[in-house]
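*Asks:* The amino acid sequence is not available; the structure is as follows:
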């Protein structure tokens, strides 16, 4: 009889295990269908927002400490208003070319009495936007040479020549404007070099993609890298930073197959920084040692995602990202039909939504006031969330199980943003800063060599830092390429301060 009962128990366990596998596989299929055919937006549907406050009643049942919940009547959805700028505002900074429409000389008479007509003025009929295509021209520097007529016939004739600006590259047609245009097209407009090659042909110059690549690599090494090193030192002195990383494929890398992933790391200052800095760093691996090396000397708050490699950093306070945690719960929400009951994944998402809603209301506050308000309004929500999380019993291996596990593993870092009002609830600013690279990667697909990848990192750093400081990107690229060749930064590194995007000169010349 005992053998029979043991056998029945074994069969029940087997059935239970198989049922869990079926549930996991069913969920996996539903998630794959959702990814392929469903909306990719992570926004909470408006129909679900009004009811999300019920999750606090649910949490109170499990929370023995009974923290005081913030009083919220309604959480409005996010609406993006269409831009309706007036025409005058759109064209206010554009030059104007007026075309007078005059009456022919033979018609300048009065049709009533035959007297001659006198011009009394013009009236505006309409305005049109005229496109002026780019054109190429050669800039030839002519240096004057002067001699002393008195010493001309002596044993030591004296001749003095005028100074001329240094060239970007000796014996090259490259100029600040042409190189800046190549960089702007590729890294801002995401136009690969082979397409730019066709554009140069249409302008009347057979400029090969190899030449353009050489221009970018040389200029990034000789002129951008000193600027980036200076920016990196300024970044290390900040107290709040954000970090992220994304894959990049490099075809010709020693000791690695072309299909192997390399990584582009991104570091940027916090939103409250008076000197916004965004730096890219190409590395052949995703090892946390890369962040340790780049951020050597930094001892502040570092916002990251859940990647464990950042644990190698010492003497820093790591802040987790609630946007990443929320995404885990969003991915676990199944497709529902009708008025189905609220799932645990939706409850977890709504807790995150509540935090983001409160944070949005404090956007205009100072760091000190934000610190106080967070403790007052967000700490109770956090206490309720962690208490609710302990009560969730998800299916092992399911999407909800992965979300719950991720949240519990990241708990030591998720509340550190409360320690300083300058810290952020999420790492979204880093993700937004790295997005131009990911968009460009869809067009040019890969880097050919490590030098090319490093050059891309340098150029993206200059471009995104210029954007963050409100500069016209093309103008700032040209500005650096114009002044750097004659800047003695090796002996006088402090001279680079005048070329920083926040400097008065850069702001006056390159302001957007």
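*Replies:* Done, it's in. Computed from a predicted structure; not experimentally measured. Residues are numbered from 1 along each chain as shown.

*Asks:* what residue ranges in the chain score low on pLDDT?
*Replies:* Scanning the chain for pLDDT under 70 picks out the ranges 1, 23-24, 27-28, 30-31, 33-85, 336-340, 442-446.

*Asks:* Do a quick rundown of the strands in it.
*Replies:* Using DSSP state E, the strands of the chain run over 145-147, 159-161, 240-249, 261-269, 278-283, 301-303, 317-319.

*Asks:* mind checking which of these is nearest residue 189?
*Replies:* Nearest to residue 189, of all the strands of the chain, is strand 278-283, at 17.7 Å by CB to CB. For glycine as for every other residue, the C-beta is placed from the backbone atoms N, C-alpha and C.

*Asks:* if we can go back for a sec, and the strands of the chain as JSON lines, adding mean neighbour count?
*Replies:* Putting the strands of the chain into JSON lines (neighbours: other CB atoms under 10 Å) gives the following:
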{"stretch": "strand 145-147", "mean neighbour count": "10"}
{"stretch": "strand 159-161", "mean neighbour count": "9"}
{"stretch": "strand 240-249", "mean neighbour count": "21"}
{"stretch": "strand 261-269", "mean neighbour count": "21"}
{"stretch": "strand 278-283", "mean neighbour count": "24"}
{"stretch": "strand 301-303", "mean neighbour count": "24"}
{"stretch": "strand 317-319", "mean neighbour count": "20"}
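
*Asks:* Need these in a markdown table (columns: distance to residue 348).
*Replies:* Shown next, in a markdown table, are the strands of the chain (distance: least, CB to CB, whole Å):
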| stretch | distance to residue 348 |
| --- | --- |
| strand 145-147 | 77 |
| strand 159-161 | 74 |
| strand 240-249 | 23 |
| strand 261-269 | 28 |
| strand 278-283 | 31 |
| strand 301-303 | 21 |
| strand 317-319 | 20 |
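
*Asks:* Figure out which of the ones you listed is closest to residue 476.
*Replies:* Nearest of the strands of the chain (CB to CB): strand 278-283, 13.1 Å.

*Asks:* Return the list of strands paired to the closest one, each annotated with direction.
*Replies:* strand 261-269 (antiparallel) (DSSP bridges).

*Asks:* got the angle for the strand it pairs with vs strand 240-249?
*Replies:* Calculated by axes from the mean of the first three to the mean of the last three CA atoms, to 10 degrees, strand 261-269 forms an angle of 160 degrees with strand 240-249.

*Asks:* quick one: strand 261-269 to chain centroid distance?
*Replies:* From the chain centre to the centre of strand 261-269 is a distance of 11 Å (CA atoms, centre = their mean, to the nearest Å).

*Asks:* what does stretch 427-435 give?
*Replies:* Relative to the mean C-alpha coordinate of its chain, stretch 427-435 is positioned 4 Å out (CA atoms, centre = their mean).

*Asks:* ditto for stretch 403-420
*Replies:* That offset, for stretch 403-420, works out to 24 Å (CA atoms, centre = their mean).

*Asks:* repeat for stretch 393-406
*Replies:* Here the centre of stretch 393-406 is set off from its chain's centre by 31 Å, with CA atoms, centre = their mean.

*Asks:* Kindly report the same for stretch 189-205.
*Replies:* Centre-to-centre, stretch 189-205 and its host chain are 26 Å apart (CA atoms, centre = their mean).

*Asks:* for it, how far is the first residue from the last?
*Replies:* Criterion CA to CA, to the nearest Å; first-to-last residue distance in stretch 189-205 is 21 Å.

*Asks:* if we can go back for a sec, nearest to residue 458, out of the strands of the chain?
*Replies:* Closest to residue 458 of those, according to CB to CB: strand 278-283, at 7.6 Å.

*Asks:* and the residue most central in space within the chain, how far is that from residue 119?
*Replies:* Central residue of the chain (CA atoms, centre = their mean): residue 433, 1.4 Å from the mean position. Residue 433 is 58 Å from residue 119, where distance means CB to CB, to the nearest Å.

*Asks:* Kindly report the same for residue 221.
*Replies:* According to CB to CB, residue 221 and residue 119 sit 62 Å apart.

*Asks:* Among these two, which residue is more densely surrounded?
*Replies:* residue 221 (14 against 8; other CB atoms under 10 Å).

*Asks:* tell me the contacts of that one?
*Replies:* Contacts for residue 221 (CB atoms under 8 Å, 6 or more residues apart in numbering) come out as 455, 458.

*Asks:* The chain should start at 27 in everything you say after this.
*Replies:* Done: numbering now begins at 27, and the last item shifts to residue 247.

*Asks:* those helices in the stretch 327-476 of the chain, which residues are they?
*Replies:* All helices of the stretch 327-476 of the chain, identified by DSSP state H, counting those that start in this stretch, fall at 348-357, 370-387, 393-399, 405-417, 425-440, 454-470, 476-494.

*Asks:* same thing with the stretch 127-276 of the chain?
*Replies:* So, for the stretch 127-276 of the chain - with DSSP H, counting those that start in this stretch - the helices run 202-213, 219-228, 235-245, 251-262.

*Asks:* Just name the most buried of those helices.
*Replies:* helix 202-213 (a mean of 21; mean count of other CB atoms under 10 Å).

*Asks:* tell me the angle of it relative to helix 235-245?
*Replies:* 110 degrees.

*Asks:* next one: helix 202-213 to chain centre, how far?
*Replies:* That offset, for helix 202-213, works out to 19 Å (CA atoms, centre = their mean).

*Asks:* and what of stretch 138-148?
*Replies:* Centre-to-centre, stretch 138-148 and its host chain are 62 Å apart (CA atoms, centre = their mean).

*Asks:* do stretch 403-423 as well
*Replies:* Between the mean C-alpha location of stretch 403-423 and the chain-wide mean there is a distance of 31 Å, by CA atoms, centre = their mean.

*Asks:* Same question for it: list its buried residues.
*Replies:* When burial is assessed from 16 or more other CB atoms under 10 Å, stretch 403-423 yields the following buried residues: 403-404, 406-415, 418, 420.

*Asks:* Check these against residue 138 and report the nearest one.
*Replies:* For the buried residues of stretch 403-423, the residue nearest residue 138 by CB to CB is residue 403; the value is 79.3 Å.

*Asks:* gap between that closest one and residue 477?
*Replies:* Separation of residue 403 from residue 477 (CB to CB): 50 Å.

*Asks:* ok, now residue 36?
*Replies:* The gap separating residue 36 from residue 477 is 62 Å, by CB to CB.

*Asks:* more neighbours, those two?
*Replies:* The neighbour count for residue 36 versus residue 477, taken as other CB under 10 Å, is higher for residue 477 (18 against 10).

*Asks:* Contacts only, for the more buried one.
*Replies:* By CB under 8 Å, 6+ apart, the neighbours of residue 477 are residue 243.

*Asks:* how near is it to residue 280?
*Replies:* According to CB to CB, residue 477 and residue 280 sit 12 Å apart.

*Asks:* rewinding a little: quick check, the residue nearest to the centre of the chain in contact with residue 290.
*Replies:* No - here residue 459 lies out of contact with residue 290, judged by CB atoms under 8 Å, at a distance of 11.4 Å.

*Asks:* Distance of residue 234 relative to residue 184?
*Replies:* Per CB to CB, residue 234 is found 45 Å from residue 184.

*Asks:* before we move on, what about residue 304?
*Replies:* As judged by CB to CB, residue 304 and residue 184 stand 52 Å apart.

*Asks:* Now residue 501: closest residue in space, sequence neighbours ignored.
*Replies:* Spatial nearest neighbour of residue 501, excluding adjacent residues (CB to CB, 6 or more residues apart in numbering): residue 536 at 4.3 Å.

*Asks:* what's the neighbour count on the one you found?
*Replies:* The burial count assigned to residue 536 is 22, neighbours taken as other CB under 10 Å.

*Asks:* quick one: contacts for it?
*Replies:* Shown in contact with residue 536 (CB under 8 Å, 6+ apart): 492, 497-498, 501-502, 505, 527.

*Asks:* All set, thanks.
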